[in-house]
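A.B. asks: Sequence and predicted model, in that order:
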Amino acid sequence: MSLPPVEPWVVLAFSAAIFFVGLFGLLVRRNLLIILMSIELMLNAVNLTYVTFSHQLSSMAGQMSVFFIITVAAAESAVGLGLVIALYRTLKTVDTDEITLLKD
Amino acid sequence: MSDEPLIATATTLNTIRPELLTMTFGQMAALSPWIWALGGALSMMLAAVLFKTWKWVVPALMIMATAGAAWSSTMLMDLGDQFLFNRMMLVDRFTLVFTVLFAISALVTTLSSMKYLDREGLQHPEYYILMLFSMIGMMNMVSALDLVVIFVALELMSISVYVLVGFRRADRRSNEAAVKYFVLGGAASAVFLYGSALLYGATGSINIQEILAAVEAGRAGGSLLFVLGAALVIFGFLFKVASFPFHMWMPDVYEGAPAPITGFMTTGIKAASFATFVRVMAGLGYGDGLAEAVQKHLHDILWISAALTMVIGNVIALTQVNLKRMLAYSSIAHTGYLLVGILVGPASDSGYGPIYLYLLAYTVMNLGAFAVLSALAKRGDSGINLHDMAGLSKRQPLMAFGMAVFLFSMAGIPPTAGFAAKYLLFYSAVQAGEIWITVIAVLCSAISVYYYLRVLVYMYMREPAEAGGSAGRSWMASAAVLAMIVLTLQIGVLPSRVIETAKSISKTAVPQIGQAGARAAR
């Protein structure tokens, strides 16, 4: 028994949903680590979109982009976690509500 | 290179294209700024390990690499357009003049950082290495003709600077600024990337030239997918240049970052983002090739953003007492003027030329202002509030005079660089028929005189609050300030040469595919 093929628009809608879940999480969550996870979620939704379009257009450029995005996302989260640790050492918190030194 | 389809599909993968495996002499020559910068970065990493006791080696290499990149870029101005790496990069005058600008930014920041880092006890080689990598990211970004290359370069530039913003590790404000910048910058990159994925779906390519070709052939310009993708890409850039409504991060980040890095960010990163913004806007077919409705839509987004950015930046700057924060709001205001340049670019005779002139003038004066602030800052980046400037003309006449020149220039008073830049920008806006936005810009410019000149009043007309306590002097910072004073006045008094350069780059933001071959052959 074989599964029926998934229509491209289903995948595109799914990845758009993931992207906006990530954006929503970034805007409403208060924990820095969850915010970092939300950024990763957004980037992975982009990857899914690229692969779907790549399949649809039968062009390799989209799949190539995904490799670059994965690599850069890894570098970005490494730096991000480093910054969060540095912040935790001086502020003893990762709650964005308590990071309020700089404002008007 | 030929004008065949650039994407290797299953059929074309079987044929070998020798032009992708070899490089012409022109292409090698076009890479020489990169060779200076990359060679400098690699040898700095080696030197950081080998010469641990000689602290001056890494900064000396940094100065050499940036000066070399600037020099080789000026040597290449007449090379013509060189496409590199299967048209992923384009080295033309547009790329080269901006490379010079980034190199000046990195060089002056290095000079003003030396004493500053000594005072903070942070004289680590990583500082210069990260700054040079950030500069390489800027160079890649402005030469990129491919949305993914832009993304990778953007991240190279930004990730290096995230670390630099948080470089004062023991300071809570620095950490807070770094994390804020990181979270918001990462989100903006993701939004830009989602937009580029949608553009890929709409046009079938991630190459800017091919996107432009698809738009001009009417294959994609009106589709919902294209409009959404274009809007998201533009939002990503509006965030990077910190324009309304994405400007909230900027004052916090600029206040928390070390003073020299703030100068680097306001000049280098802003110039790189704007240059790439121009290329991407041209690549989306703005001003030429897009359907009428989409065109009007993009125009309205930019118009509203530019107007509100100018008003908000200038009005909030009026109430600031910390000079770093005041200059951050002034930087938002200048972003607004530059957005006017992008808005009217396609419709005016000088095209995107005024943007280059404005960015050059802004780079020179802002680097100078932050070199002064870095020299005056006391330990922990304190002592750069408005009242600390009282009587500066008696304590440090050169710094006070320099600050006065830079502030006059930012306000746009002749005979300084800021006046020439504003004049050309507003002239081209009027020429393009955008009267109302010009009126708003001129009024905002008038408001800005108040908060710029207030600093002058403190420096020259108030007595110093307490004697002594001034930070030590550094001949390198003084040299940097002096050079920036000379450049500010030179561009202001004799602007014709830079205006010629600006006009010569204005129409070449994205060469069309058909013309590219002819231009390269010429």
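C.D. replies: Received the coordinates, thanks. Numbering: from 1, shown residues only, chains lettered A, B, ... in the order given.
A.B. asks: Can you give me the buried ones in the helix or strand harbouring A:Ile35?
C.D. replies: Assigned by DSSP states H and E, A:Ile35 belongs to helix A:32-57. For helix A:32-57, the neighbour count (16 or more other C-beta atoms under 10 Å in any protein chain shown) marks A:32, A:35-54, A:57 as buried. For the C-beta atoms, the positions are set from N, CA and C on the backbone; glycine is no exception.
A.B. asks: Quickly check: it near chain B or not.
C.D. replies: Yes: Helix A:32-57 reaches chain B (C-beta under 8 Å from any C-beta of the partner chain) through A:32, A:35-36, A:39, A:42-43, A:45-46, A:49-50, A:52-53, A:56-57.
A.B. asks: residue ranges for the helices of the stretch 401-522 of chain B, please.
C.D. replies: B:417-431, B:435-461, B:475-493, B:496-505, B:513-521 (DSSP state H, counting those that start in this stretch).
A.B. asks: residues from the stretch 151-300 of chain B in reach of chain A?
C.D. replies: B:151-152, B:155, B:159, B:162-163, B:166, B:169-173, B:175-180, B:182-183, B:186-187, B:189-191, B:193-194, B:197-198, B:200-201, B:204-207, B:251-252, B:255-256.
A.B. asks: and the helix or strand harbouring B:Leu373, how far out from the chain's middle?
C.D. replies: Per DSSP H and E, B:Leu373 falls inside helix B:353-376. Averaging C-alpha positions (C-alpha atoms, centre = their mean, to the nearest Å) puts helix B:353-376 10 Å from its chain's average.
A.B. asks: which among the residues of the stretch 151-300 of chain B next to chain A end up buried?
C.D. replies: Using 16+ other C-beta under 10 Å, the buried members of these are B:151-152, B:155, B:159, B:162-163, B:166, B:171-173, B:175-180, B:182-183, B:186-187, B:189-191, B:193-194, B:197-198, B:200-201, B:204-207, B:251-252, B:255-256.
A.B. asks: what's the longest helix in chain A?
C.D. replies: As assigned by DSSP state H, the longest helix anywhere in chain A is helix A:61-91.
A.B. asks: buried sites along that one?
C.D. replies: In helix A:61-91, counting by 16+ other C-beta under 10 Å, buried: A:61-62, A:64-66, A:69, A:72-73, A:76-77, A:79-80, A:83-84, A:86-87, A:91.
A.B. asks: tell me, which of these make contact with chain B?
C.D. replies: Applying C-beta under 8 Å from any C-beta to the buried residues of helix A:61-91, those adjacent to chain B are A:61-62, A:64-65, A:69, A:72, A:76, A:79-80, A:83-84, A:86-87, A:91.
A.B. asks: Let's see which of the buried ones among the residues of the stretch 151-300 of chain B next to chain A end up in helices.
C.D. replies: Using DSSP H, these in helices are B:151-152, B:155, B:159, B:162-163, B:172-173, B:175-180, B:182-183, B:186-187, B:189-191, B:193-194, B:197-198, B:200-201, B:251-252, B:255-256.
A.B. asks: what about B:His387, how many residues close to it?
C.D. replies: 9 (other C-beta atoms under 10 Å in any protein chain shown).
A.B. asks: Burial-wise, tell me which of the helices of the stretch 401-522 of chain B comes out on top.
C.D. replies: Ranked by average neighbour count under the criterion mean count of other C-beta atoms under 10 Å in any protein chain shown, those are headed by helix B:417-431 at a mean of 23.
A.B. asks: tell me which strands and helices that helix is in contact with?
C.D. replies: helix B:323-344, helix B:353-376, helix B:397-411, helix B:435-461, helix B:475-493, helix B:496-505 (3 or more C-beta pairs under 8 Å, 6 or more residues apart in numbering or on different chains; DSSP states H and E).
A.B. asks: Good, wrapping up.
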